[in-house]
Each structure stands twice: as structure tokens, then as C-alpha cells.
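Visitor: Provided below are the primary sequence and the corresponding predicted coordinates.
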Amino acid sequence: MNAFYLLAGFVAVATAFTHAAWGERVIVPELKKSKMNELARAGFHIAWHQVTALLFAGGIALILVSMFAGVIGDMAAVLLVAFILFNNIIVFLTVSRLKYPKVTSRTLPPITNSIVMILLIIGGWFY
């Protein structure tokens with residue numbers, strides 16, 4: 001077990017929860033009061049949560065790699081990227097549907113982009 005990866009993973013997960021809680025309490029209220037159009041507000045709000053998801057997904061991946069490095073070997077980086085891209089899709093759909101339903105359809109191109117990358121990664125496993 002790699003204790004450095006394990007510690008880094010726990011720090012990243014803790015940072016993700018702190019980032020989310022602080023952002024919802026401090027950043028999001030100011031964002032909602034802003035005079036930006038709804039699509040711009042949605043973009044900033046989604047980006048905030050994408051950083052949270054990246055911290056969380058990266059932390060979980062580091063924890064898993066710390067415990068199973070010998071098992072997953074070279075695939076660790078590929079799994080990390082696929083996991084992060086999948087979480088990106090979840091964040092886009094969740095935040096846009098719940099907070100900005102009028103602009104959800106306009107968030108489909110980045111979601112489609114992430115899906116294509118995940119499919120390419122899966123294809124690479126069988127190459």
C-alpha cells in the first residue's frame with residue numbers, strides 16, 4: 001500500500017466536501033444575485049461543481065490506486081480519466097437539470113464530448 005497516495009486521496013475527498021459546502025454557502029448565493037444571463041450563471045455554477053467532482057473522483061481514484069496498484073497496474077491512469085469524465089457528466093446533468101432547467105439542452109455538447117471520450121477509453125481496453 002502506498003501511504004502517500006492514500007493520504008493524498010483522503011485530503012482530496014475532504015477538500016471536495018469543504019469546497020462544495022463553502023461554495024453553496026458563499027459563492028452560489030452571490031452568483032444567483034448576479035445580473036448575468038442564465039446560461040452564464042449555469043456555466044459558472046456547473047464549473048464550480050465540476051471542480052468538486054474532480055477533487056472527489058481524484059481522491060477516490062488515489063485511494064483505490066494506493067490499495068490496488070499491483071492489481072490495476074498501468075490501467076490506473078486510464079481508469080482515473082474515465083471515472084473523472086463520468087463524474088463530469090453526472091455534474092452537468094444534475095446541476096443543469098436541478099438549478100437551470102431552461103438551459104439543460106444547451107449543455108448537451110460537453111456531455112456528448114465526455115461520452116465519446118469514455119467510449120474511446122473503453123475501446124482502448126480491448127485494443
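Guide: Structure's in. What do you need?
Visitor: going forward, measure contacts and count neighbours with C-alpha atoms only.
Guide: Noted.
Visitor: so which residue is dead centre in this structure?
Guide: Centroid-nearest residue in the chain, with C-alpha atoms, centre = their mean: Ala53, separated by 3.2 Å.
Visitor: mind listing what's buried along the helix or strand harbouring Met117?
Guide: Here Met117 sits within helix 108-125, counting by DSSP states H and E. For helix 108-125, a neighbour-count test (16 or more other C-alpha atoms under 10 Å) marks 111, 114-115, 118, 121 as buried.
Visitor: and the helices in the protein, which stretches?
Guide: 3-22, 28-33, 38-72, 75-99, 108-125 (DSSP state H).
Visitor: run the angle between the third one and helix 75-99 for me.
Guide: Read that as helix 38-72. Between helix 38-72 and helix 75-99, the angle comes out at 150 degrees (axes from the mean of the first three to the mean of the last three C-alpha atoms, to 10 degrees).
Visitor: from the contact counts, what lies against helix 38-72?
Guide: helix 3-22, helix 28-33, helix 75-99 (3 or more C-alpha pairs under 8 Å, 6 or more residues apart in numbering; DSSP states H and E).
Visitor: other SSEs contacting the first one?
Guide: Helix 3-22 is packed against helix 38-72, with contacts defined by 3+ C-alpha pairs under 8 Å, 6+ apart.
Visitor: buried residues in the helix it packs on?
Guide: Buried residues in helix 38-72 (16+ other C-alpha under 10 Å): 39, 41-43, 45-66, 69.
Visitor: in CSV, list the helices of the chain along with mean pLDDT.
Guide: Listed next are the helices of the chain as CSV, based on pLDDT from 0 to 100:
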stretch, mean pLDDT
helix 3-22, 88
helix 28-33, 85
helix 38-72, 82
helix 75-99, 79
helix 108-125, 77
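Visitor: one step back: in a markdown table: the helices and strands packed on helix 38-72, plus mean neighbour count.
Guide: Shown next, in a markdown table, are the helices and strands packed on helix 38-72 (neighbours: other C-alpha atoms under 10 Å):
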| stretch | mean neighbour count |
| --- | --- |
| helix 3-22 | 16 |
| helix 28-33 | 13 |
| helix 75-99 | 18 |
